[in-house]
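Q: all I have is the shape, not the residue letters:
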């Protein structure tokens, strides 16, 4: 995973790109307190577990992809071996 810092709030996350449209984000701190957007939504009563992303963070990730700091050539085998059940 690649380290990305939000340009707006300086929150740090780990990012991996499996394709141009699939981004995996791992928060290094609690999103409800580390991200001002998620903190605002939490204060309004929104369950941030159902919020897909902070748009400011998404912009920061997209910028790092454009700069080549987060490659999209990560290899992943689909479907993942195993079974659900």
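A: Sure, I can see it. Note that the structure is a prediction, hence the values are computed from the model and not measured. Residues are numbered from 1 along each chain as shown.
Q: and the worst-scoring helix or strand of the chain on mean pLDDT, what's buried?
A: Sorted by mean pLDDT, DSSP states H and E, the helices and strands of the chain end with helix 31-34, the least confident at a mean of 78. Within helix 31-34, the residues that count as buried by 16 or more other Cβ atoms under 10 Å are 31, 34. Bear in mind the C-beta positions are built from the backbone N, C-alpha and C, glycine included.
Q: list the buried ones in the next helix or strand after that helix?
A: Per DSSP states H and E, the first helix or strand lying C-terminal to helix 31-34 is helix 36-43. Residues of helix 36-43 classed as buried: 37-39, 41-42 (neighbour count, 16+ other Cβ under 10 Å).
Q: next helix or strand past helix 36-43?
A: Next helix or strand after helix 36-43 toward the C-terminus (DSSP H and E): helix 55-66.
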